[in-house]
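**Q** Sequence and computational prediction follow.
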Amino acid sequence: DPGTPVDAFDRALYVGRRAAEKTVGASDVDGAARFYVCSLSRKTLVYKGLLTAEQLRSYYPDLADERLDSQLALVHARFSTNTLGAWHLAHPYRNVIHNGEINTIRGNINWMRARETDLDHPDLSDDDLDTIRPVTNADQSDTASVDNAVELLLQGGRDLPHVLRMLVPEAFEGDDRMDADRKDWYDFHASMLEPWDGPALVAATDGDRIAAVLD
C-alpha cells in the first residue's frame, strides 16, 4: 500500500523476515544454519562473505560500480579467530559490527527469553509478536545475538544511540561525577535490560546514521 507509513513498513519487513526464517528452520533440522537473510530493509544492504579484504571487490562487482552510492558504510574484516568460519556468522550483521567478546552472553540470552512474554507494541498483533519470538537464541555468535537485540529495540521505536546505551551502559553505579539525571536514566533502563558486558566495541547503523559504543 503506497500510503503505509515507513515505520509500519519497516516492522512488516521485520516480521516477514522472522516468519521466513522460522518456516525454513522448522522444515529442515539444518535449515537455520543454511538459510540466512542478509538484509530485508528499505535502507540498508548487507554484503557477507568468507573472503579476504582483497577478494571483496571482485566477488561483489557492484561495490566498484559508480552507480552505487551510499551516505554511509560499515566494514568489518576478521583476521584472526579460534573458531571455524561459517557464512551465516560472517560480519557484518544487519545492524551491527562488533569486536571483542560479550562475556555475559548466556545470561543476556536467558533474560531476553524470560522477558519475551512481556513484549508489546500497539502496531504489532499477537500473531506478529509470536512470529518474532524467540528474539535470539544460543545457537549463534554473540554478535548475532547483539544484532537481534538492537534490531528489536529499533523496531520498538527507540533511536540508535538510545539502543546502544541500553545494551552497553556506562559504569554509572558509584560514579560520583555523573549527574543524577544520567544515573537515573541508566537505573531506569537497567530494570528492562541487563548490560551486555564486554570488553567489546559495537558499531551500528539504523540506515540513517552510524553510532558506536565502547565497553
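**A** On my side now, so go ahead. Residues are numbered from 1 along each chain as shown.

**Q** Residue for residue, what is the longest helix the chain has?
**A** helix 6-27 (DSSP state H).

**Q** Next up, the contacts around residue 131.
**A** 15, 18-19, 22 (Cβ atoms under 8 Å, 6 or more residues apart in numbering). Quick note: C-beta positions are derived from backbone N, CA and C, even for glycine.

**Q** please redo it, this time with the cut-off set to 10 Å
**A** 14-23, 124-125 (Cβ atoms under 10 Å, 6 or more residues apart in numbering).

**Q** same check, this time on residue 75
**A** 47, 53, 56, 91-92, 97, 203.

**Q** before we move on, back to that, gap between the longest helix of the chain and the chain center?
**A** Taking Cα atoms, centre = their mean, to the nearest Å, the mean C-alpha location of helix 6-27 is offset from the chain mean by 14 Å.

**Q** how about the CA coordinates for that helix, as CSV?
**A** Coordinates of each C-alpha in helix 6-27 appear next as CSV, following Å, rounded to 0.1, in the frame of the first residue of the first chain:
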residue,chain,number,x,y,z
VAL,A,6,7.5,3.9,6.6
ASP,A,7,7.8,2.8,10.3
ALA,A,8,4.9,0.3,9.8
PHE,A,9,6.5,-0.9,6.5
ASP,A,10,9.8,-1.5,8.3
ARG,A,11,8.1,-3.5,11.1
ALA,A,12,6.2,-5.6,8.4
LEU,A,13,9.6,-6.4,6.8
TYR,A,14,11.0,-7.4,10.2
VAL,A,15,8.0,-9.7,11.0
GLY,A,16,8.1,-11.1,7.4
ARG,A,17,11.7,-12.0,7.6
ARG,A,18,11.3,-13.7,11.0
ALA,A,19,8.4,-15.7,9.5
ALA,A,20,10.6,-16.9,6.7
GLU,A,21,13.5,-17.8,9.0
LYS,A,22,11.2,-19.8,11.3
THR,A,23,9.5,-21.6,8.4
VAL,A,24,12.8,-22.7,6.8
GLY,A,25,14.3,-23.6,10.2
ALA,A,26,11.2,-25.7,11.0
SER,A,27,11.3,-27.5,7.7
